[in-house]
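In: sequence and predicted structure below; questions after.
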Amino acid sequence: MKIHTNWDDLKIFLAVARGGTLGAAAKLLGQSQPTMGRRIRALEQSLGHELFHRTDDGFLLTYEGEAVLRNVEKMEDEALAVARKLSGQQQLEGLLRVSTTEWFGAHLLAPVLAGFSAANPGLQIELVTETRLVSLARREADLVFRFRQFEEPDVIQRKAMHVAFGVYGSSAYLKKAGPPGDGHGHSLITMDTAYGELADVPWLKARLPRARVALRANSRDVQAQLCRSGAGLAVLPRCLGDQLRGLKLADLGQPPPGRDVWAGYHKDLKRSPRLRTLLAATLEALARHE
């Protein structure tokens, strides 16, 4: 059977696979949604396989679509390499989606990605901050920074950095409440119950058994602002707490347990120049914060 495809159709396939919807893909490529929908259907007919599951939430790759994606990405990398050689340029091009938690993305990754983007104007970087564990296999992200090791198959991972934590209070709060002692008369700001298993939560309660839990939040940034407003003591990453004016470290005799950050990506992207270059630059920058 003869299969007729062209690179433009495959670029549309890539955009839909990465964007998850026709709208996102159309915005990326500057084409209309109906046109892209027709081109995807024509590509599927040409190949003799459905490449996407159509759902209410968007387009999800089928098993056959995953196989096609891996090969098309290799073609994309080769095409970009040829273009760079012909033009004599070594610029990186394409789209990379990076996922991590809110505070880590805002305070550590954002400055790194901003500088990297300025040096590589042909590369688009999409930074998504969320608390859920995204799937690398389903291409929900290309590169993920996570506070736990990856257990998914086919994921290449490495330790990105170690994050130290400290106990903070506002200057006014610490002056009013006095030394922490056993916690008597103190208020605590902790993670919400969904994240109560994080090591710093039981550690803080054990160090200050007579303190009351006044506020809970699932965001370190929100905890930091509550702490800064004088609501109580909070365990915060040092790279966040140290830079906020008005916060002071509280001495509890020992620091809270730190956490390791892991960077992971799917093995099918190990040959991607843009991912390798971005990862190397990010790891180098993060090492300076340890």
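Out: Done, it's in.

In: now do the helices in this structure.
Out: Shown for the chain, the helices assigned by DSSP state H span residues 7-19, 22-29, 33-47, 63-87, 102-104, 110-119, 171-177, 200-207, 220-228, 238-241, 273-287.

In: pLDDT wise, what is residue 99 at?
Out: What the model reports as pLDDT for residue 99 is 95.

In: residues contacting it?
Out: The contact partners of residue 99, taken as Cβ atoms under 8 Å, 6 or more residues apart in numbering, are 127-130, 134, 140-141, 143-145. (Each C-beta comes from the backbone N, C-alpha and C, glycine too.)

In: just the buried ones from those residues, in PyMOL syntax?
Out: Only the buried entries of the contacts of residue 99 go into this PyMOL selection, using 16 or more other Cβ atoms under 10 Å:
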select buried, resi 127+129+140+141+143+144+145
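
In: would you list the helices of the chain in a markdown table and tack on distance to residue 55, mean neighbour count and mean pLDDT?
Out: Shown next, in a markdown table, are the helices of the chain (distance: least, Cβ to Cβ, whole Å; neighbours: other Cβ atoms under 10 Å; pLDDT from 0 to 100):
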| stretch | distance to residue 55 | mean neighbour count | mean pLDDT |
| --- | --- | --- | --- |
| helix 7-19 | 13 | 20 | 86 |
| helix 22-29 | 13 | 18 | 82 |
| helix 33-47 | 14 | 16 | 87 |
| helix 63-87 | 13 | 15 | 76 |
| helix 102-104 | 27 | 19 | 94 |
| helix 110-119 | 30 | 14 | 93 |
| helix 171-177 | 49 | 16 | 95 |
| helix 200-207 | 36 | 17 | 95 |
| helix 220-228 | 32 | 21 | 96 |
| helix 238-241 | 37 | 20 | 94 |
| helix 273-287 | 27 | 17 | 92 |
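
In: now distance to residue 265 too, for the ones you listed, in a markdown table please.
Out: Formatted as a markdown table, these follow (distance: least, Cβ to Cβ, whole Å):
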| stretch | distance to residue 265 |
| --- | --- |
| helix 7-19 | 14 |
| helix 22-29 | 20 |
| helix 33-47 | 26 |
| helix 63-87 | 12 |
| helix 102-104 | 16 |
| helix 110-119 | 15 |
| helix 171-177 | 42 |
| helix 200-207 | 28 |
| helix 220-228 | 24 |
| helix 238-241 | 23 |
| helix 273-287 | 6 |
